[in-house]
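> just need the structure, nothing else, for what follows:
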Amino acid sequence: MCSWCYAFKPALKQLRQQLPHEMTFSSLLGGLAADTDLAMPSEMRQQLQATWQRIEQKVPGIHFNFDFWNNWQQTQPRRATYPACRAVIAAHSFELSSSKDKYEELMINAIQSAYYQQALNPSDNTVLVKLAGDIGLNEQSFQEQLEAPETQQELEKQIAQTRQMNALSYPSLILQIDQSFWPVSIDYLNSDSIIETINMLLEFE
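Model prediction:
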């Protein structure tokens, strides 16, 4: 549910295809906004709409459905992204029993499509459970995993890892070399510049 992360997806896809074969790519959930039942203040709604507008101007091909904000009384926005994070973790847990589908990636795509294109609210567990069914998971089993204590524990673990790596913005790219962590500047338009930075850091080491 980070709009800048959504905007970075095309460049990230290119980047992953360009990475050296010996390099391992992994993703972590930073959490972003903790659980809350409080409605999002109007000032924050306006701020996020302005962010979406800036992204559309800066990153070609990225578009948002502003009905999410225009119909805010129906969508009931909350500053809560932990539910969506737990949904990604819950979906990943089903990959162990399936070598065919990458449910974590499918869930990320489903959440972003629901939020940015369909004007649905992924802060709501009911929406997340429906999305799980859409990507081929059993909804009851998914809901149990979504609400399981170990799912929250895994989220807390990943958040702690991101802080240890000093990945404090969204999105962040961190290059780990042995036990050292190196921040990599993000380019939303060109993955070549990111590769250049990575290669420079590798040569430096």
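> hey, let's count contacts and neighbours off CA atoms from now on
Will do.
> where does pLDDT dip in the protein?
Low-confidence segments of the chain (pLDDT under 70): 96-101, 205.
> mind listing the helices for it?
Assigned by DSSP state H, the chain shows helices spanning 3-18, 42-58, 67-70, 72-75, 82-93, 103-116, 125-134, 139-146, 149-164, 191-204.
> and the second one, what other elements does it pack with?
To tie it back to what came earlier, the one meant is helix 42-58. Helix 42-58 sits against helix 3-18, with contacts defined as 3 or more C-alpha pairs under 8 Å, 6 or more residues apart in numbering; DSSP states H and E.
> about what we covered before: can you redo the helices of the chain as JSON lines with mean neighbour count and distance to Ser26?
Formatted as JSON lines, these follow (neighbours: other C-alpha atoms under 10 Å; distance: least, C-alpha to C-alpha, whole Å):
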{"stretch": "helix 3-18", "mean neighbour count": "16", "distance to Ser26": "10"}
{"stretch": "helix 42-58", "mean neighbour count": "14", "distance to Ser26": "25"}
{"stretch": "helix 67-70", "mean neighbour count": "17", "distance to Ser26": "31"}
{"stretch": "helix 72-75", "mean neighbour count": "15", "distance to Ser26": "32"}
{"stretch": "helix 82-93", "mean neighbour count": "24", "distance to Ser26": "13"}
{"stretch": "helix 103-116", "mean neighbour count": "20", "distance to Ser26": "12"}
{"stretch": "helix 125-134", "mean neighbour count": "18", "distance to Ser26": "22"}
{"stretch": "helix 139-146", "mean neighbour count": "17", "distance to Ser26": "21"}
{"stretch": "helix 149-164", "mean neighbour count": "16", "distance to Ser26": "11"}
{"stretch": "helix 191-204", "mean neighbour count": "14", "distance to Ser26": "15"}
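> for Tyr170, which of those helices is the nearest?
helix 3-18 (6.4 Å; C-alpha to C-alpha).
> the closest one to helix 191-204, inter-axis angle?
Angle of helix 3-18 versus helix 191-204, following axes from the mean of the first three to the mean of the last three C-alpha atoms, to 10 degrees, is 60 degrees.
> just the CA coordinates for helix 3-18, please, in CSV.
This file holds the C-alpha atoms of helix 3-18, laid out as CSV (Å, rounded to 0.1, in the frame of the first residue of the first chain):
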residue,chain,number,x,y,z
SER,A,3,2.2,4.3,-3.8
TRP,A,4,5.8,5.0,-4.5
CYS,A,5,6.5,1.2,-4.3
TYR,A,6,3.8,0.7,-6.8
ALA,A,7,5.4,3.3,-9.1
PHE,A,8,8.7,1.5,-8.8
LYS,A,9,7.4,-1.9,-9.9
PRO,A,10,8.3,-1.5,-13.7
ALA,A,11,11.9,-0.4,-13.0
LEU,A,12,12.3,-3.0,-10.3
LYS,A,13,11.2,-5.7,-12.7
GLN,A,14,13.8,-4.6,-15.2
LEU,A,15,16.4,-4.4,-12.4
ARG,A,16,15.8,-7.9,-11.3
GLN,A,17,16.4,-9.1,-14.8
GLN,A,18,19.7,-7.3,-14.9
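> just checking, what packs against it?
Helix 3-18 sits against helix 42-58, helix 191-204, with contacts defined as 3+ C-alpha pairs under 8 Å, 6+ apart.
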